[in-house]
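Participant: pasting the sequence and the predicted model now:
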Amino acid sequence: MSTTSPSSDPPSDPSNVPPSSPYGGPDFRQLFDFALSPLLILAPDFVIVEVNRAYRAATGQGRDIVGRPVFDVFPDNPADPAADGVANLRHSLETVVGTGRTDTMALQRYDIPAGEDDDGTGFVERWWSPVNTPVLDAEGRVTHIIHRVEDVTEFVLVRRAGHEKEKAAAEARTRAESMEIDLFVRAREIREVNEQLRRLNGDLDAAGRRLREEQRAKDRFIATLSHELRNPLAAATAATELLGLDMPGGHPALSVLERQLGILARMSNDLLDGTRAVTGRLELVPERMDLRSAVESACADIRGLFGHEGRVLDVRLPDRSVLVDGDRLRLAQVLTNLLSNALKYTLPGGRTAIELSAGEGRARLTVTDDGIGFDPAQAEELFGVFMRAAPAGPQTPEGLGLGLSVVRTIIDLHGGRISAHSAGPGTGASFTALLPLAPSDGIPPPARPVTARRGRRQLAVLIVEDNTDLAATYRTLLDRHGHHVTVVHTGADAVTATGSHVFDVVVCDLGLPDMDGYEVARTVRARPQGAAPRLIAVSGFSRGADRTLSRQAGFDAHLAKPLPLADLLDLLEA
């Protein structure tokens with residue numbers, strides 16, 4: 001790491017000494033001391049012989065270093081494991097002593113002690129450009145070594161900073177190139193992902209369309225199924241009522257038929273309402289009402305079933321009105337479903353209690369039974385679709401598992417909540433519904449119209465019904481009550497009959513084989529005397545949309561199958 005060159009200085013020879021200057025000889029010691037280059041004179045054993053001012057200033061040392069070995073004065077920096085200043089300088093000095101030639105060292109890092117104020121452990125980074133030149137005697141032996149140095153620390157640091165900048169710039173370029181490549185790859189990946197998303201969105205749209213079509217098909221199927229179920233139920237219900245007229249004393253089979261037909265009717269309603277509840281299309285017709293009336297109505301409809309096999313229904317109502325803003329029919333349906341649930345899961349001789357109370361801004365309706373009960377962990381699950389407290393068996397009749405789901409939906413739509421409780425299997429069950437009371441603004445619920453029952457008069461009634469059994473039963477029942485009844489089975493026959501004869505009442509099914517009941521009503525109403533007859537729609541299609549369509553077509557009333565004879569007679573007499 002060093003270069004050597006032969007000394008240009010010949011050996012000392014007195015014949016070569018120039019003549020004395022007229023100005024006197026120079027003081028060589030003073031010239032040495034004031035030389036601008038840092039100079040250090042070493043003995044061949046590397047002991048410091050002399051040092052000039054520039055060297056002392058460069059290294060921060062004093063003249064006290066004279067007489068000391070150079071490596072004792074300038075050791076390696078112990079904090080730098082890679083320090084090699086002593087080894088490199090020793091090698092250069094040994095080369096000069098061994099060859100008698102000048103040795104120019106490469107730029108050398110050689111840290112120096114921090115100074116007298118330091119505790120001796122601190123070093124300052126320094127870079128030098130050293131040149132070691134021998135001083136020879138007449139025989140060519142090295143008597144001294146001139147160690148000349150230049151402090152190039154600033155130059156090295158500047159160059160290092162430049163290298164670091166270049167390195168940083170190179171690294172930045174590398175990072176930029178890497179980022180550019182990465183961005184290119186990511187852009188390609190994003191394009192691919194976007195293409196996949198486009199395809200997936202297309203697939204999802206297609207799947208959504210299929211699901212919507214399947215939903216519509218399912219809704220049509222449920223509505224049609226409900227309609228088809230209600231037709232035979234209506235015929236069987238009417239036939240049962242006809243048997244009741246023919247057997248004034250009653251018959252044990254009649255009560256069985258009434259109970260089972262009631263169960264089938266409720267299952268049909270649950271099937272349709274359960275679908276509406278799941279799809280969020282259950283509709284309310286709210287009014288200010290006394291909740292007691294809904295309880296009384298539901299109990300009146302189902303009390304006969306509780307009388308079977310010794311079951312007891314205990315009803316406790318408050319003396320004062322319990323006013324809520326709710327749908328009268330839907331709230332009665334809540335209680336009917338809860339009572340039907342109790343009826344399924346209580347044994348013969350069992351007891352079911354209904355209690356209605358009001359307080360703290362809420363109405364509380366509780367239905368409690370002493371039936372089979374359920375695991376408390378099942379409490380929330382019971383309100384799910386198709387959920388049952390126990391599997392079907394000898395003591396637990398079949399059911400759809402929709403009744404409680406419909407109940408929860410109706411209560412939720414009224415802004416209330418319902419909960420179930422049981423201490424465990426065999427301990428009975430309790431269902432509690434909470435509903436917000438109507439604001440106490442002093443406005444009483446509208447009174448239900450009460451009219452004096454007029455004396456029964458004969459009416460000309462047209463029955464339009466494609467179910468021949470149901471049509472014949474309606475004819476017989478209405479004939480028994482003194483009305484003049486005409487029966488047709490198609491929409492075209494209904495249009496013809498109403499064109500040639502004026503009827504007081506037209507009871508028309510909506511699902512006719514040739515034209516629907518809506519078209520029949522519009523045709524009748526379009527005639528000059530079309531406002532005269534009372535048009536009553538009777539159908540298994542009884543959703544809110546169906547009722548809206550029937551009103552728009554001109555019907556005065558819309559009744560759902562199966563239609564109890566008492567309801568039809570009340571409507572005719574009204």
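Facilitator: Looks like it arrived, so ask away.

Participant: from R198, how far off is the residue positioned nearest the centre of the chain?
Facilitator: Taking C-alpha atoms, centre = their mean, the centroid of the chain lies closest to L204, which sits 18.7 Å from it. For L204, the distance to R198 equals 11 Å [C-beta to C-beta, to the nearest Å]. Every residue, glycine included, has its C-beta placed from N, CA and C.

Participant: and the helix or strand the residue nearest to the centre of the chain falls within, what does it pack against?
Facilitator: Assigned by DSSP states H and E, L204 belongs to helix 153-246. Contacts defined by 3 or more C-beta pairs under 8 Å, 6 or more residues apart in numbering; DSSP states H and E place helix 153-246 against strand 127-128, helix 252-279, helix 468-480, strand 534-539.

Participant: which stretch in those has the least confidence?
Facilitator: Among those, helix 252-279 carries the lowest mean pLDDT, a mean of 62.

Participant: so which bits of the helix or strand just after that helix are buried?
Facilitator: Downstream of helix 252-279, the next assigned helix or strand under DSSP H and E is strand 287-290. Along strand 287-290, these residues count as buried under the neighbour rule (16 or more other C-beta atoms under 10 Å): M289, D290.

Participant: same check on stretch 418-438?
Facilitator: For stretch 418-438, burial by neighbour count (16+ other C-beta under 10 Å) applies to 418, 420-422, 428-435, 437-438.

Participant: so which of those residues are in strands?
Facilitator: Using DSSP state E, I418, A420, H421, A429, S430, F431, T432, A433, L434, L435 are the members of the buried residues of stretch 418-438 that sit in strands.

Participant: and the second one, what does it touch?
Facilitator: Residues touching A420, when contacts are defined by C-beta atoms under 8 Å, 6 or more residues apart in numbering, comprise F374, A379, E380, L382, F383, L404, A429, S430, F431.

Participant: who does it form a beta bridge with?
Facilitator: Per DSSP bridges, the residues bridged to A420 are F431.

Participant: Q378 versus that one, what's the distance?
Facilitator: Distance of A420 to Q378, given as C-beta to C-beta: 8 Å.

Participant: next one: the third one
Facilitator: Here the criterion is C-beta to C-beta. By it, H421 lies 11 Å from Q378.

Participant: R53: which of the buried residues of stretch 418-438 is nearest?
Facilitator: R53 lies nearest to L434 out of the buried residues of stretch 418-438, by C-beta to C-beta, at 103.9 Å.

Participant: my read is that that closest one contacts D412, right?
Facilitator: No: look at L434 against D412 with C-beta atoms under 8 Å: they stay out of range, at 11.3 Å.

Participant: part of a helix, is S440?
Facilitator: No: counting by DSSP: H, G, I helix; E, B strand; the rest coil, S440 is not part of a helix but coil.

Participant: low-confidence ranges in the stretch 51-200 of the chain?
Facilitator: For the stretch 51-200 of the chain, the stretches flagged by pLDDT under 70 are 115-121.

Participant: repeat that for 50
Facilitator: Residue ranges of the stretch 51-200 of the chain with pLDDT under 50: 117-118.

Participant: and for the stretch 451-574 of the chain?
Facilitator: In the stretch 451-574 of the chain (pLDDT under 50), the answer is 451-455.

Participant: hey, where'd the strands end up in it?
Facilitator: Along the stretch 451-574 of the chain, counting by DSSP state E, counting those that start in this stretch, strands occupy 460-464, 484-488, 505-509, 534-539, 557-560.

Participant: go on, the stretch 1-150 of the chain?
Facilitator: Ranges of strands in the stretch 1-150 of the chain, per DSSP E, counting those that start in this stretch, are 2-5, 39-42, 48-51, 102-105, 108-109, 112-113, 123-124, 127-128, 131-136, 142-148.

Participant: mind putting those strands into TSV with mean neighbour count?
Facilitator: Shown next, in TSV, are the strands of the stretch 1-150 of the chain (neighbours: other C-beta atoms under 10 Å):
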stretch	mean neighbour count
strand 2-5	12
strand 39-42	22
strand 48-51	19
strand 102-105	20
strand 108-109	18
strand 112-113	19
strand 123-124	16
strand 127-128	21
strand 131-136	20
strand 142-148	19
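
Participant: now render these as JSON lines, adding distance to V507.
Facilitator: Shown next, in JSON lines, are the strands of the stretch 1-150 of the chain (distance: least, C-beta to C-beta, whole Å):
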{"stretch": "strand 2-5", "distance to V507": "126"}
{"stretch": "strand 39-42", "distance to V507": "132"}
{"stretch": "strand 48-51", "distance to V507": "134"}
{"stretch": "strand 102-105", "distance to V507": "124"}
{"stretch": "strand 108-109", "distance to V507": "115"}
{"stretch": "strand 112-113", "distance to V507": "121"}
{"stretch": "strand 123-124", "distance to V507": "116"}
{"stretch": "strand 127-128", "distance to V507": "116"}
{"stretch": "strand 131-136", "distance to V507": "129"}
{"stretch": "strand 142-148", "distance to V507": "131"}
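
Participant: out of those, which gets nearest to D466?
Facilitator: The closest of the strands of the stretch 1-150 of the chain to D466 is strand 108-109. By C-beta to C-beta, the value is 111.4 Å.

Participant: low-confidence regions, the stretch 251-400 of the chain specifically.
Facilitator: In the stretch 251-400 of the chain, no residues with pLDDT under 50.
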